[in-house]
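Q: Using only what follows, build the 3D model:
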Amino acid sequence: MQRVTQAHVHVAGEVVGQIGPGVVALIGIAVGDTDDDAERLADKTAALRIFAAAERPFDRSLRDVGGAVLCVSQFTLLGDVRRGNRPSWTDAAAPAVARRVIDAYAARLRRHGLEVACGAFGAHMQVALTNDGPVTLILDSRDLARPRRQAGATGPGG
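A: Residues are numbered from 1 along each chain as shown. Model prediction:
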């Protein structure tokens, strides 16, 4: 997910989705991902405090600022490059499953009252965006199910 000032997707020279300020969600659906995972990630996307408020750079959510989401399906995020020089896509969900789960993610974002635009599933797309910050975060449904790190754990700067 990238915080943006604007973004758009072209397919065959035509704009199929565009947003102003908000986030671009590059979405890879793995084997085993479900609609429930998508809805949990959408809830997190809507609530993440990644926008500035007064003197705090990360204090407001998409809902707070009236931001939009551009959803772009991207199975290549599941590319396994550990062996050889050609990525393996065995971890990516089948297209029918991936489309359903991405649709569930977008629908849940809309239920949060957010403007949602989407790329064209399965199409060759050109995605243009202006990254704001830059701020880029990785949200993974498997990570959301794990417990949070313990206080005092070594992290950036520490």
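Q: quick one: what helix or strand has A106 in it?
A: helix 95-111 (DSSP states H and E).
Q: which parts of the helix or strand that that helix is followed by are buried?
A: Later in the chain than helix 95-111, the nearest helix or strand by DSSP H and E is strand 115-118. Residues of strand 115-118 classed as buried: V116, A117, C118 (neighbour count, 16 or more other C-beta atoms under 10 Å). (C-beta placed from N, C-alpha, C; glycine too.)
Q: now do stretch 45-65
A: Residues T45, A46, L48, I50, F51, R60, S61, L62 are the ones in stretch 45-65 that count as buried (16+ other C-beta under 10 Å).
Q: Distance of the residue most central in space within the chain relative to T45?
A: Central residue of the chain (C-alpha atoms, centre = their mean): A25, 2.6 Å from the mean position. Here A25 is placed at a distance of 7 Å from T45 (C-beta to C-beta, to the nearest Å).
Q: Give the intersection of the neighbour lists for the two.
A: Here A25 and T45 have M1, V69 as joint contacts, going by C-beta atoms under 8 Å, 6 or more residues apart in numbering.
Q: So, low pLDDT: which residues of this protein?
A: For the chain, residues meeting the criterion pLDDT under 70 lie at 150-158.
Q: Do a quick rundown of the strands in it.
A: 2-11, 14-19, 22-27, 51-53, 56-60, 68-73, 115-118, 126-136 (DSSP state E).
Q: Show which residues not belonging to the fourth one make contact with it.
A: If I follow you right, that is strand 51-53. So strand 51-53 is in contact with R3, F58, D59, R60, S61, L62, D64, V65, G67, going by C-beta under 8 Å, 6+ apart.
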